[in-house]
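**Student:** I would like the atomic coordinates for the input below:
(4 chains)
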Number of protein chains: 2
Amino acid sequence: MARWQPDAHARLEEAALELFTERGFEAVSTAEIAGRAGLTKATFFRHFPDKPEVLFWGQDLIATTFRHAIADGPASASPLELVRVAILAVAPVFDADRHRHAATRQRLITSSATLHERAVLKRAALARTITDALQDRDVAAETAELAGLAGAAAFGAAYEHWAASPTCRDFADLGRRELDRIPRAAASLAR
Amino acid sequence: MARWQPDAHARLEEAALELFTERGFEAVSTAEIAGRAGLTKATFFRHFPDKPEVLFWGQDLIATTFRHAIADGPASASPLELVRVAILAVAPVFDADRHRHAATRQRLITSSATLHERAVLKRAALARTITDALQDRDVAAETAELAGLAGAAAFGAAYEHWAASPTCRDFADLGRRELDRIPRAAASLAR
DNA sequence: TCCTTGATGAGTCTTAGTCTCATCACCGTA
DNA sequence: TACGGTGATGAGACTAAGACTCATCAAGGA
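**Tutor:** Predicted structure coming up:
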């Protein structure tokens, strides 16, 4: 007989998603989320650093995967090819299980200014991760910067398509499609 | 005989800058800022929507100027030329008076996670403003997106150089310099 | 003289987020 | 079998951001 139910973390995520869907992000307090999960507010903040983060759990893994994939990519690869390798490396994360609540999460994010801000910050952080990883591979600073911004935007666009689709489409495919648009855009900026 | 001292807004900005410099952003409460300005917390929030914003006042003007400059730019201009026009249009804002506290503000922003986040959000919003304005000029979506990201990054870099310089250098010159790096970077992403 | 307007003071209230301390199942060890 | 350490949690106090309401009072206009 366990003293506590297992998987407090997952229960909190589930409760938050339910309550946010019912009444919106701002109208739900952290104490209510914890209550529905059979826990207290203090425990909520032991599992998540703040209220928005309960909807963004797991994003750190994506950045880590990007960093390693770029660091370990083939020596002959161009900057954009390295970004492509990274997007392919994270693709397995976006499986059918994760897809189940993706659309709901996206709807919530677009309906709350606070959540939208958090999403923008996450994307900016991913851009910086890519840029830094490329510079570690001796890519020139301005190239790495632009590739980081473009790569993060491509990843974000791919994610939005994946989340919005009623079926769980192949993330790698969506990512490739977005990446393939970058050279055209870059060409029209290159004098 | 006036009932209140004039320029409450400026007094609040001044008090905030002093207190943040003395003790750091997080360690100063809005009530203290208001107190030093001879006002109350409620009045602070009548002038600024939240605590970080007291250090970012005036940024909205920059975005507005960008939008109008791009909308009114020459018909023959390329996307990057339109961004250049916009950066030249905002340059007059960065005069010696504004330069006086710029370095202090930058130091504060880099020393506080909250303020750094706000700066990132402002830059992302500027990128979106540029992208939208370019699309209104019938620039292709992916080109407008990349030009917005690159343009906002160039503006940010120019601002950081301008703020960090001990003398008030010519902002237009710094902006041009940053913009001139974009075509090179874009070329190395264009296949 | 009266009335309206607008900026402010004063105070209340909710909630995010922090912190401290007590509790108690579990697990290893004597 | 007893004992002690560990780790997740409950309970509750505390601070500060931000929203909100109402009273005040100078200025300015009719």
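
**Student:** what about stretch A:115-123, near DNA strand C?
**Tutor:** No - for stretch A:115-123 and DNA strand C, the contact criterion (CB under 7 Å from any atom of the strand) is not met; the two come no nearer than 10.2 Å. (Each C-beta comes from the backbone N, C-alpha and C, glycine too.)

**Student:** Next one: the spatially most central residue of chain A from A:Arg11, what distance?
**Tutor:** Centroid-nearest residue in chain A: A:Gln59, 4.6 Å away (criterion: CA atoms, centre = their mean). Counting by CB to CB, to the nearest Å, the gap between A:Gln59 and A:Arg11 amounts to 20 Å.

**Student:** Show the contacting residues for the residue nearest to the centre of chain A.
**Tutor:** Listed by CB atoms under 8 Å, 6 or more residues apart in numbering or on different chains, the contact set of A:Gln59 reads A:Lys122.

**Student:** ok, how many other residues are close to A:Arg100?
**Tutor:** Number of residues near A:Arg100 (other CB atoms under 10 Å in any protein chain shown) recorded here: 10.

**Student:** Would you mark the buried spots in stretch A:87-98?
**Tutor:** Of the residues in stretch A:87-98, those with enough neighbours to count as buried (16 or more other CB atoms under 10 Å in any protein chain shown) are A:87, A:89-91, A:94.

**Student:** So which of the residues you listed belong to helices?
**Tutor:** When DSSP state H is applied, the buried residues of stretch A:87-98 are split such that A:87, A:89-90 fall in helices.

**Student:** Out of these, which is nearest to B:Ala152?
**Tutor:** The shortest distance between B:Ala152 and any of these, using CB to CB, involves A:Ile87 and amounts to 22.9 Å.

**Student:** Could you check how far that closest one is from chain B?
**Tutor:** 15 Å (CB to the nearest CB, to the nearest Å).

**Student:** ok, that residue touching A:Leu179?
**Tutor:** Yes - the pair A:Ile87 / A:Leu179 is scored as a contact, 6.8 Å apart, by CB atoms under 8 Å.

**Student:** any residues in contact with both of the two?
**Tutor:** Among the neighbours of A:Ile87, those also in contact with A:Leu179 (CB under 8 Å, 6+ apart) are A:151, A:154.

**Student:** between the ones in helices among the buried residues of stretch A:87-98, which is nearest B:Gln135?
**Tutor:** Within these, the smallest distance to B:Gln135 is 25.0 Å, found for A:Ile87 (CB to CB).

**Student:** Any idea how many residues pack against the closest residue to the closest one other than its chain neighbours?
**Tutor:** Spatial nearest neighbour of A:Ile87, chain neighbours left out: A:Gly175 (3.9 Å); criterion: CB to CB, 6 or more residues apart in numbering or on different chains. A total of 26 residues lie near A:Gly175 under the criterion other CB under 10 Å.

**Student:** buried sites along stretch A:17-28?
**Tutor:** Buried residues in stretch A:17-28 (16+ other CB under 10 Å): A:17, A:19-20, A:25, A:28.

**Student:** just the residues you listed now: which is nearest DNA strand D?
**Tutor:** Comparing these against DNA strand D with CB to the nearest atom of the strand picks out A:Phe25 as the nearest, at 14.7 Å.

**Student:** Per-residue pLDDT of the nearest residue to the closest one once chain neighbours are set aside, please?
**Tutor:** Of all residues not flanking A:Phe25 in the chain, A:Ser112 sits nearest, at 4.1 Å (CB to CB, 6+ apart). As summarised for this prediction, A:Ser112 has a pLDDT of 97.

**Student:** distance of A:Ser112 from DNA strand D?
**Tutor:** As defined by CB to the nearest atom of the strand, to the nearest Å, A:Ser112 lies at a distance of 14 Å from DNA strand D.

**Student:** give the contact list for A:Gly38.
**Tutor:** The contact partners of A:Gly38, by CB under 8 Å, 6+ apart, come to A:5, A:11.

**Student:** Need the three-state assignment for it.
**Tutor:** The three-state label given to A:Gly38 by DSSP: H, G, I helix; E, B strand; the rest coil is coil.

**Student:** Then A:Ala185?
**Tutor:** Here A:Ala185 takes the helix state, with states given by three-state DSSP.

**Student:** Which pLDDT value does the model give it?
**Tutor:** Predicted confidence (pLDDT) for A:Ala185: 97.

**Student:** what about it, neighbour count?
**Tutor:** When counting by other CB under 10 Å, one arrives at 25 neighbours for A:Ala185.
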